[in-house]
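> Fold the following, please.
(one chain, ligands or ions: 2)
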Amino acid sequence: MKIGILSRGSKLYSTRRLREAALKGGHKVRVFDTLKFGLYLREGEPDVTYGGKPIAHYDAVIPRIGTSITFFGTSVVRQFEQMGTFCLNTADSIIASRDKLSSMQALSRHDVGIAETAFVRNQKDILQAIQEMGGAPVIIKLLSGTQGVGVILAETNKVAEAIIETLSSVQQNVLVQKFVSESKGRDIRAFVVGDRVVAAMRRTASGQEFRSNVHRGGRTEIVKLDAAYEHTAVRAAQILNLKVAGVDMLEGSDGPVIMEVNSSPGLEGIEGATGLDIAGEIIQFTVEQVKFGNFNVRERLSLTKGYTVTEFTVWPGASFIGQTIETSGLRDHDIVVLRLNRGGQHIANPRRHRVIEEGDSLLCYGSQQALSNYLPERLTKKKRRRLKKIAPGDGGGET
Ligand SMILES: Nc1ncnc2c1ncn2[C@@H]1O[C@H](COP(=O)(O)OP(=O)(O)O)[C@@H](O)[C@H]1O
Ligand SMILES: [Mg+2]
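Ligands and ions are numbered 1, 2, ... in the order given. The predicted structure follows:
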């Protein structure tokens, strides 16, 4: 298999290790300096040059895009996606995870613990946001900081307000976040590859520092994660559509609290702390995934005129409650149930004899016309909450 690694430095630890692991697996591998690509767009023929010259087809690309080149780097990744090269993380998923607000927004509608966060603009909303977080001390964060830079602990409401006002006055967008003090300067980095946590470490901040980043002198140690942490990490990566992710979680009093999800997590700290061959895991996973490519189901399915994919929750009083998928009439109306979500369990490809219950969430593909007859009226917030209580969460598939 031919694997390309997009990286600014072939000598960087992570890049070196990925290259080594690919060679060890018997693959052809080349490290590309991301900034040396040229992107060419022609009808039906997206292409790239490298150092001004054409390059041969690559089966897979592993992006290691630093925050200083997010725009160009993700454009290169997107170009490879168009050319049919499997990209381990897609351009869109890298962009979404890099923005702390956008990633938290995406996570917030799901059943995973996240650090309570607010984003406000008007001066009079600042104090309210601080109070919503339980008042000082609060964390103030730049939207796209990294390695601990741009993360401030404000000890009093006054200081918090002043910092936010100052940063806003120089056109910096900032988040206000609840300070998870019970984590005591420690956090968990879970390294996710595919649907699995392949390694995890605990980082502990040094001295008076509250930030546990290794770049801020944080110490690392191997940690065995309990199920809740593993589940949260994998879910976060899935929600953000990242095949490889470093999920950072605080140890909150009620369990895992996600702070951020990194799309190009470093290997040095985690391989050092755990002694595991994570580069090998990444290469192996990449090779397994190549045949599936970067497939966007919704995009593809909606290319068929008049058809769509949608998900809806079975509302109280729906006519097909108590019916099986077969007798419900869905199939007769050209609607296929791809997945059923019930009480914390995702049931993939539910069988025709499965009975539909109130509160089930059905992911369907079908004719828009037919679906629109089936879709419930818009639910009120109260009703939605009630249904959520009946059908929270996620789980396995039907075999
Ligand atoms: N809400 C919070 N409560 C407590 N500690 C936090 C919180 N947010 C961040 N930290 C600490 O600051 C560090 C850096 O924050 P993070 O959001 O991961 O930014 P960066 O992208 O700079 O790593 C974290 O690893 C953690 O130790
Ligand atoms: Mg971090």
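> and the residue of the chain most remote from its centre, backbone torsions?
Within the chain, the residue lying farthest from the chain centre (CA atoms, centre = their mean) is T327, at 37.4 Å. The phi/psi pair for T327 (degrees, to the nearest 10) reads phi -80, psi -10.
> what about it, distance to K305?
T327 sits at a distance of 29 Å from K305 (criterion: CB to CB, to the nearest Å). Using the backbone N, CA and C atoms, a C-beta is placed for each residue, glycine as well.
> For the residue nearest the centre of the chain, which non-adjacent residue is closest in space?
Nearest residue to the geometric centre of the chain (CA atoms, centre = their mean): L240, 2.3 Å. Spatial nearest neighbour of L240, chain neighbours left out: S97 (5.1 Å); criterion: CB to CB, 6 or more residues apart in numbering.
> same thing with H215?
Spatial nearest neighbour of H215, excluding adjacent residues (CB to CB, 6+ apart): Q147 at 4.1 Å.
> What of R342?
Nearest residue to R342, sequence neighbours excluded (CB to CB, 6+ apart): D360, at 5.1 Å.
> ok, the one you found - contacts?
The contact partners of D360, by CB atoms under 8 Å, 6 or more residues apart in numbering, come to 313-314, 340-342, 391.
> In a markdown table: those residues, plus neighbour count and pLDDT.
Conversion of those to a markdown table gives the following (neighbours: other CB atoms under 10 Å; pLDDT from 0 to 100):
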| residue | neighbour count | pLDDT |
| --- | --- | --- |
| T313 | 19 | 91 |
| V314 | 23 | 92 |
| L340 | 24 | 97 |
| N341 | 21 | 94 |
| R342 | 21 | 95 |
| A391 | 19 | 48 |
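> quick check, nearest of these to F285?
N341 (25.9 Å; CB to CB).
> Name whatever forms a beta bridge with Y365.
Taking DSSP bridges, one obtains V309, V336 as the residues bridged to Y365.
> Can you report how many residues lie near it?
Counted by other CB atoms under 10 Å, the residues lying close to Y365 total 19.
> pLDDT score assigned to it?
Per-residue confidence (pLDDT) for Y365: 93.
> got the contact list for it?
Going by CB under 8 Å, 6+ apart, Y365 touches 301, 307-309, 335-336, 338.
> if we take the residues you listed, which one ends up nearest to ligand 1?
Within the contacts of Y365, proximity to ligand 1 (CB to the nearest ligand atom) peaks at V309, which comes in at 33.4 Å.
> ok, that closest one touching N296?
No - using CB atoms under 8 Å, V309 is not in contact with N296; the gap is 10.8 Å.
> more crowded one of the two?
Using other CB under 10 Å, the more surrounded residue of V309 and N296 is V309, with 17 against 13.
> Surely G272 and I222 touch.
No - applying CB under 8 Å, one finds G272 not in contact with I222, separated by 9.8 Å.
> Now do the shared contacts for the two.
Joint contacts of G272 and I222 (CB under 8 Å, 6+ apart) do not exist.
> any idea how far ligand 1 is from R109?
The spacing between R109 and ligand 1, counted by CB to the nearest ligand atom, to the nearest Å, is 20 Å.
> now do A162
Distance, A162 to ligand 1, using CB to the nearest ligand atom: 19 Å.
> and if you look at E20?
Counting by CB to the nearest ligand atom, the gap from E20 to ligand 1 is 27 Å.
> what's near enough to touch that residue?
Contacts of E20 (CB under 8 Å, 6+ apart): A279.
> Torsion angles phi and psi at the residue nearest to H215?
Here Q147 shows phi and psi, under degrees, to the nearest 10, equal to phi 60, psi 30.
> next one: H346
Note on H346: its backbone torsions stand at phi -90, psi 120 [degrees, to the nearest 10].
> Make residue 1 into 18 and carry on from there
That works, and once the first residue is 18, the last one we named lands at H363.
> so what pLDDT did it get?
The model's pLDDT for H363 equals 90.
> Surely it is in contact with R356?
Yes - look at H363 against R356 with CB under 8 Å: they come within range, at 5.9 Å.
> Would you mind writing the CA trace of stretch 158-165 as PDB?
The C-alpha trace of stretch 158-165 is given here as PDB (Å, rounded to 0.1, in the frame of the first residue of the first chain):
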ATOM      1  CA  LYS A 158     -10.100  30.300  26.600                       C
ATOM      2  CA  LEU A 159      -9.100  31.500  23.200                       C
ATOM      3  CA  LEU A 160     -11.100  29.700  20.600                       C
ATOM      4  CA  SER A 161      -8.100  28.200  18.900                       C
ATOM      5  CA  GLY A 162      -5.300  28.000  21.500                       C
ATOM      6  CA  THR A 163      -3.000  25.000  21.800                       C
ATOM      7  CA  GLN A 164      -0.400  23.600  24.200                       C
ATOM      8  CA  GLY A 165      -2.000  25.500  27.100                       C
END
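> That one close to ligand 1?
Yes - counting by CB under 6 Å from any ligand atom, contacts between stretch 158-165 and ligand 1 involve 158, 162-165.
> Now do the buried residues in that stretch.
Within stretch 158-165, the residues that qualify as buried are 158-159, 162-163, 165, counting by 16 or more other CB atoms under 10 Å.
> Quick check: residues of this protein near ligand 1?
Contact residues, the chain versus ligand 1 (CB under 6 Å from any ligand atom): 132, 156, 158, 162-168, 194-197, 200, 204, 222, 227-230, 265, 267, 276-277.
> contacting residues for D116?
Residues near D116 by CB under 8 Å, 6+ apart: 160-161.
> ok, it to ligand 1 distance?
With CB to the nearest ligand atom as the criterion, D116 and ligand 1 are 11 Å apart.
> Is it correct that I79 falls within a helix?
No - assessed with DSSP: H, G, I helix; E, B strand; the rest coil, I79 is strand; it does not lie in a helix.
> how about it, what does it touch?
Counting by CB under 8 Å, 6+ apart, I79 has contacts 20-23, 35, 105, 299, 303.
> Tabulate the residues you listed (a markdown table), appending distance to G151 and pLDDT.
Shown next, in a markdown table, are the contacts of I79 (distance: CB to CB, whole Å; pLDDT from 0 to 100):
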| residue | distance to G151 | pLDDT |
| --- | --- | --- |
| I20 | 47 | 98 |
| G21 | 47 | 98 |
| I22 | 44 | 98 |
| L23 | 42 | 98 |
| L35 | 42 | 98 |
| L105 | 39 | 98 |
| I299 | 39 | 98 |
| T303 | 43 | 98 |
